[in-house]
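> how would this look folded up:
(3 chains)
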Amino acid sequence: MEFWVTQLFNGVSYGALLFLLAGGLSLIFGMMRIVNMTHGSHYLLGAYLALTFLTRTGSYVLALLGGALAIAVLGVIEWDRFLQGLRGQELAQVLTTMGLALIFQDLALVTWGGDPYNLKIPAVLSGKYHLGTFFFPVYRVFIIVVALGVAVVLWLVVERTRVGAMMRATVDDAEMARGVGINVSGISLGVFALGAALAAVAGVVAGGFLGIYPGADFEILSYAFVVVIVGGLGSLRGALIGSLLVGLLDNFGKALFPELSYFTLFAPMAAILAVRPTGLFGRA
Amino acid sequence: MAHVGAPWAQRLGLALLLLALLVTPPFLPPYLLTLLTQTLIYAILAMSLDLTLGYTGLASLGHAAYLGLGAYSVGILATRWGAGFWMALLVGIALATAVAAVFGLVALRATGVYFLMITLALGMVVWGLANRWVSLTRGDNGISPVPRPVLGLPWSFGRALPFYYLALVGFVLALVVLRVIVRSPFGATLIGIRESESRMRTLGYHVWLHKYLAFVISGAVGGFAGVLWAYYNGFVTPSDLDLSVSIEVLLMVALGGRGTLLGPALGAGVIVLLKNLVSVYTQRWLLILGLVYVGTIRYAPEGIAGALMQWRRWMQRARAA
Amino acid sequence: MTPVLSLTRVSKSFGGLAALSDVSLSVGPGERRAIIGPNGAGKTTLFSLISGEALPSGGEILLFGRDVTRLAPHRRAALGLARTYQITNLFPRLTAFANCVLAAQALRPMKLHPHRDLRRYPEVLHRAGEVLAAVGLAGKADATVQDLSHGEQRQLEIALAIAGTPRLLLLDEPTAGLSPAESTTMTTLLKGLDPSITLLVIEHDMDVAFALTDRITVLHYGKVVADGLRHEVTANPLVQEIYLGVA
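Numbers count the residues shown, from 1 in each chain, chains lettered A, B, ... in the order given. Here you go, the predicted structure:
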């Protein structure tokens, strides 16, 4: 019993982190059909920057916002300088974003060195909640709350606002959207920046329990891809369900079948793709 | 169908290249010789990817899987069962072919960015197994030492020079096979599919079948590269089939020039030399590699071969003027 | 005699929009039929259903007496069907000759041969040269498609379509975007096609349609509104109203 509850909780909280990471990636995929290898870099750089802000200001909130904002700006530059002109050229997108990711990795190594760090979490978020015989770390509950908050806000923006309507129109058919006068490049820029900022938030949050270290960018990137692939490119609902699914599969897989844990993650993914090439909630 | 340079110039260039690869190695410093061996093996992998990426227009993000399947076949067979070269070669290629045949069924249901994503996912399935099926693959630690092959020839392939020539034979073999394929009627259909899938379909081609065959052949040749890779390195680890390897092969093909076979081989040489030589002089080789990625797309989107072709056209126009 | 092509109550809708509804049509061997109708009448959709690039929402399509309603496009081509496109659909970066080679080998089993140089199949090369000459492009064999003029590209479309010696040929606005002179060349070229080939032509230019065909089917909002010999159709008051304009 205790095993199941604990693993379930861990799986859900890891899923929440993945949603923070993959929600933005999925939006970027859906709108621009861009394979973005820098998404992991945004995650890692966001965490590193927050680390620096935290030591300078001592404020966790400032560090979180500062990290997210700085990465949003970085995203704007990337989009504007490198990616905007590569619409529809998948190979060029993969190689350009891969190059940028390598450059970012090296710059991070120069700036912060090779040692692993832990982002010190504020006192209010440390400790555990006791519920009967169960213990739930406050920090993991915090992650779930943040992810839920982000999910609700994103959902409201996409489904209930004018900008959201334009975004949906662009996901459905960019040409048509352009035709009816929607500023597709402006929206794309905004979504790319938003996706980058969300990845940074995920990085900052993860810095508190997974740590910050060189290589974390590419490690987490594969998970983000799996979520997006399983959920379907461009679908928020898909990203949410995909995150939960991957979080749980990863946790239970590692706990129950340590020999085959990646397999328990990737094999269901391959099975889903075999049946639905566009993912659970994706549209062709 | 479209080749760089006049046929005679191309043939002469190819002959000179092969002659140089044949004659110069005994005079090269040992370090350069190992890099050249590495280049030849990666060239096989890049050429195998060129069949799908360059000729058929299918960008796969999971090609390292086939390198890994070939390499692990050797690693496991040679260290556990003491299998010889021919056995390991056969199993390595057969396994890569079989897995490509299954993956092709899944991946070719999609196109464009979805194809990219599915091949990435499938590549990760193999990577995940290499990482965690510890009882078979020894996980992170990898398999070592893989003994160099014994072929009953008077030379010991434990030494660098004979092994180089073994890799050269493998490279020439792969080049010849792929070159025959791309110049055959079947190869022409792949180019047709790259240029216009819809037109091929109404002309009467079973487009899916042609793509599928190309995908499987590409995997098989990739497995062949993996077999040589395991023998060359003397060990096999999950990092051999990392996502970054798949992307690096894409870079080799793009850098050398898609759809030219020798271009991607050249691209493999540039990247292997760059990665190894630059790291001797500076710690910042990741940065430089990153710049090569970005720069290739910015300044030579058709690769070295494409740039050469453009230069030739430019010269012709200059002469005409 | 078995009709070459016969459609029975064929419908196609995109989303909720009906592009074609209950279209029935029968074309006999050697017939030359024009399909006319205003923009959006569903003419090109009709061609896509016949070629198999789109599947109908309802109805039945017979090709040479065989039910092909859900058959893949390449299988229909193998039965002897070929088509051209209103918006030129060629292999833009390949030479005119290479385009024709791909068309010439499309229905031969050797297309799957991976082991011999393409240049060692003289029958294919010969056929490619033959169709290139037939459409008057013999001198342009080595030019890439993107270096050909629009008119030449239209001619090449015809070459690709006839390379496999089809029994039924669908021509989607062969003179679209051509100058009057080019249009005349094209009409002459099409009139010179083997008379045993059954021809179905979508055409906006009435002069071209009348010059090439003897029977006319009129589509309007996805429905067949008239079908018959030229003078019957032109005398039809409904057709005069909706298409020819009551002049």
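> secondary structure element for the closest residue to chain B within the stretch 1-150 of chain A?
As assessed by C-beta to the nearest C-beta, chain B sits closest to residue A:99 within the stretch 1-150 of chain A, at 2.6 Å. All C-beta spots, glycine's among them, are computed from the backbone N, C-alpha and C. Assigned by DSSP states H and E, residue A:99 falls within helix A:90-112.
> That helix: which residues count as buried?
A:90-109, A:112 (16 or more other C-beta atoms under 10 Å in any protein chain shown).
> and the very next helix or strand once past it, what other elements does it pack with?
The helix or strand immediately downstream of helix A:90-112 is strand A:128-131, counting by DSSP H and E. The helices and strands touching strand A:128-131, judged by 3 or more C-beta pairs under 8 Å, 6 or more residues apart in numbering or on different chains; DSSP states H and E, are strand A:134-137, helix A:138-160.
> what pLDDT, on average, does the helix holding residue A:99 get?
Averaging pLDDT along helix A:90-112 gives 93.
> to the chain's geometric centre, what's the distance from it?
17 Å (C-alpha atoms, centre = their mean, to the nearest Å).
> Equivalent analysis for stretch A:54-65, please.
21 Å.
> Quick one: the helices in the stretch 151-300 of chain B, in order.
With helices called from DSSP state H, counting those that start in this stretch, the stretch 151-300 of chain B shows them at B:160-182, B:185-195, B:197-203, B:207-233, B:243-256, B:262-281, B:285-299.
> Can you give me the domain boundaries for chain C?
C:1-80+C:166-247, C:90-165 (automatic domain parsing).
> need those in a markdown table with mean neighbour count and mean pLDDT, can you?
As requested, those are exported to a markdown table (neighbours: other C-beta atoms under 10 Å in any protein chain shown; pLDDT from 0 to 100):
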| stretch | mean neighbour count | mean pLDDT |
| --- | --- | --- |
| domain C:1-80+C:166-247 | 18 | 88 |
| domain C:90-165 | 19 | 93 |
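> Let's have the ones you listed in JSON lines, adding distance to residue B:135.
Shown next, in JSON lines, are the domains of chain C (distance: least, C-beta to C-beta, whole Å):
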{"stretch": "domain C:1-80+C:166-247", "distance to residue B:135": "45"}
{"stretch": "domain C:90-165", "distance to residue B:135": "39"}
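> Which stretch among those domains approaches residue B:131 most closely?
Smallest distance to residue B:131 across the domains of chain C (C-beta to C-beta): 35.5 Å, for domain C:90-165.
> close to chain B, is that closest one?
Yes. Domain C:90-165 is in contact with chain B by C-beta under 8 Å from any C-beta of the partner chain, via C:90-95, C:98, C:101-103, C:105-107, C:110-119, C:121, C:124, C:160, C:164.
> end-to-end on that domain?
From its first residue to its last, domain C:90-165 covers 18 Å (C-alpha to C-alpha, to the nearest Å).
> And chain A, is that domain touching that?
No. Domain C:90-165 is not in contact with chain A by C-beta under 8 Å from any C-beta; minimum separation 15.5 Å.
> returning to what we had before: just give me the neighbour total for the closest residue to the residue of the stretch 1-150 of chain A closest to chain B other than its chain neighbours.
In space, and not counting its chain neighbours, residue A:99 is closest to residue B:293: 2.6 Å by C-beta to C-beta, 6 or more residues apart in numbering or on different chains. Residues within reach of residue B:293, counting by other C-beta atoms under 10 Å in any protein chain shown, total 27.
> Residue B:293 touches residue A:98, doesn't it?
Yes. Between residue B:293 and residue A:98 there is a contact under C-beta atoms under 8 Å: 5.4 Å.
> Which strands or helices does the longest helix seen in chain A pack on?
Under DSSP state H, the helix in chain A containing the largest number of residues is helix A:2-32. Helices and strands touching helix A:2-32, by 3+ C-beta pairs under 8 Å, 6+ apart, are helix A:39-57, strand A:134-137, helix A:138-160, helix A:162-172, helix A:184-207, helix A:216-231, helix A:236-256.
> Go through stretch B:190-206 and flag the buried ones.
Applying 16+ other C-beta under 10 Å to stretch B:190-206 flags B:190-197, B:199-206 as buried.
> Residue A:279: neighbouring residues, count only.
27.
> hang on, residue A:282 in a helix?
No. Counting by DSSP: H, G, I helix; E, B strand; the rest coil, residue A:282 is not found in a helix; it is coil.
> Please give me every residue in contact with it.
With contacts defined as C-beta atoms under 8 Å, 6 or more residues apart in numbering or on different chains, residue A:282 is in contact with A:231-235, A:238, A:276.
> try residue A:7
A:251-252, A:255.
> hang on, the earlier thing: any chance of the helices of the stretch 151-300 of chain B in TSV, plus distance to residue A:69 and mean pLDDT?
Shown next, in TSV, are these (distance: least, C-beta to C-beta, whole Å; pLDDT from 0 to 100):
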stretch	distance to residue A:69	mean pLDDT
helix B:160-182	50	94
helix B:185-195	43	96
helix B:197-203	44	95
helix B:207-233	44	97
helix B:243-256	29	92
helix B:262-281	35	90
helix B:285-299	24	89
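> Residue B:72 is nearest to which of those helices?
helix B:207-233 (7.5 Å).
> So the closest one, near chain A or not?
No. Helix B:207-233 stays clear of chain A (C-beta under 8 Å from any C-beta), getting no nearer than 13.2 Å.
> Mind picking the one among the contacts of residue A:7 that's closest to residue B:263?
For the contacts of residue A:7, the nearest to residue B:263 is residue A:251 (45.4 Å; C-beta to C-beta).
> so how far is chain C from that closest one?
Distance, residue A:251 to chain C, by C-beta to the nearest C-beta, to the nearest Å: 42 Å.
> For that residue, which non-adjacent residue is closest in space?
Per C-beta to C-beta, 6+ apart, closest to residue A:251 is residue A:11, 3.7 Å.
> Tell me who's in contact with the residue nearest to residue A:99.
Contacts of residue B:293 by C-beta under 8 Å, 6+ apart are A:95-96, A:98-100, A:102, B:251.
> same thing with residue A:245?
A:15, A:230, A:268.
> per-residue pLDDT, the second one?
Per-residue confidence for residue A:230 comes out at a pLDDT of 84.
> Can you give me the distance of the closest residue to it other than its chain neighbours to chain B?
Sequence neighbours aside, residue A:242 is the residue nearest to residue A:230 in space, at 4.2 Å (criterion: C-beta to C-beta, 6+ apart). The spacing between residue A:242 and chain B, counted by C-beta to the nearest C-beta, is 12 Å.
> quick one on the thing from earlier: and which of the contacts of residue B:293 is nearest to chain C?
residue A:95 (21.1 Å).
> The closest one is in contact with residue B:252, isn't it?
No. Residue A:95 sits out of contact with residue B:252 when judged by C-beta under 8 Å, with a separation of 10.6 Å.
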